[in-house]
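Trainee: give me a 3D structure for the following:
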Amino acid sequence: MAELTHEELRLSLGSYVLGSLSPDDRAATDAHLPGCRSCREELASYAALPAMMSRVHLDQVRQPAPPVPSAVFDRALSTVATEHQRKATQLRRWRTATMLTAAACILLALLLGRAALRSWNEPAPDRVPFVAAAGVSASGLASLEPKPWGTAINLQLEGLPQGGGFTAWVTAVDGSRSIAASWSPTPNGHASLSGAADIPKTQLATLDIMQGQTILLTLTGPR
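Mentor: Coordinates of the predicted model:
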């Protein structure tokens, strides 16, 4: 099997988050991520995709798509080009309606055209509950899965307050911090998303969800 180029690996990160890569491609991506910070940052920006895809019903995909005005299409192309040139602002642009629509179409085509494969020999992730801050009614679980490049994080949250956006922060035992995921409020206060941190699971100390201040906290260190 020919070795994947950096560009091919980068373009496969969306499929990696959704679990639709073949075992060989997934292994190649796992081997690539520890040495490529830009790919790790891009992987973290795809955290909201699984939740977005879960809202799309297969019957909607089968229906003919309405015609897209040329102005909207041009704006979408312009946004994609700018997003690739300026990765520092990738997460903010990803939240725009045009980028979400383009990403959904690409991922749906990928999912419908390829069989979803999983590597079942990977260790089962740990699941740890969150503790809510005083006056906060939110709750949830975090699944932590060790990877060669760090830690894959899956969040299942409910009862989140409305208002500003949310950020998931991981803290290592040495005190260093990293953003694992970021997302906007949902109408029902529920969130199901994936994130990533370039900190080994054995070095994680805490994971907290912030909305201006910490609203949910869990201990992620060895138990």
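Trainee: CA atoms for contacts and neighbours, from now on please.
Mentor: OK.
Trainee: first vs last residue of stretch 156-168, how far apart are they?
Mentor: Stretch 156-168 has an end-to-end distance of 12 Å (Cα to Cα, to the nearest Å).
Trainee: can you list contacts of stretch 159-175?
Mentor: 136-139, 177-190, 197, 199, 203-212 (Cα atoms under 8 Å, 6 or more residues apart in numbering).
Trainee: all strands of this protein, in order?
Mentor: Using DSSP state E, the strands of the chain run over 126-129, 131-132, 139-147, 150-158, 166-172, 177-183, 191-197, 204-211, 213-219.
Trainee: and the nearest residue to residue 165 once chain neighbours are set aside, its phi and psi?
Mentor: If the residues on either side of it in the chain are set aside, residue 165 comes closest to residue 184, at 4.4 Å by Cα to Cα, 6 or more residues apart in numbering. Torsion angles at residue 184 (phi, psi; degrees, to the nearest 10) stand at phi -100, psi 160.
Trainee: residue 184: neighbour count?
Mentor: When neighbours are counted by other Cα atoms under 10 Å, residue 184 registers 14.
Trainee: and if you look at residue 24?
Mentor: 11.
Trainee: quick one: contacts for it?
Mentor: Counting by Cα under 8 Å, 6+ apart, residue 24 has no contacts.
Trainee: where are the low-confidence patches of the protein?
Mentor: For the chain, the stretches with pLDDT under 70 are 1-2, 47-125, 220-223.
Trainee: what sits against the closest residue in space to residue 141 that isn't next to it in sequence?
Mentor: Excluding the flanking residues, the one nearest residue 141 by Cα to Cα, 6+ apart is residue 129, at 4.4 Å. By Cα under 8 Å, 6+ apart, the contact set of residue 129 is 139, 140, 141, 142, 218.
Trainee: any idea which of the strands of the chain gets closest to residue 38?
Mentor: strand 191-197 (12.6 Å; Cα to Cα).
Trainee: now the angle from the closest one to strand 177-183?
Mentor: Counting by axes from the mean of the first three to the mean of the last three Cα atoms, to 10 degrees, strand 191-197 points 150 degrees away from the direction of strand 177-183.
Trainee: partner strands of strand 191-197, with direction?
Mentor: strand 150-158 (antiparallel) (DSSP bridges).
Trainee: which residues does the strand it pairs with contact?
Mentor: Applying Cα under 8 Å, 6+ apart, the contact partners of strand 150-158 are 34, 138-146, 180, 189-201.
Trainee: now the residues you listed: which count as buried?
Mentor: 138-146, 180, 190-201 (16 or more other Cα atoms under 10 Å).
Trainee: pull the contacting residues for the nearest residue to residue 171 once chain neighbours are set aside.
Mentor: The shortest distance from residue 171 to any non-neighbouring residue, by Cα to Cα, 6+ apart, is to residue 177 (4.5 Å). The contact partners of residue 177, taken as Cα under 8 Å, 6+ apart, are 169, 170, 171.
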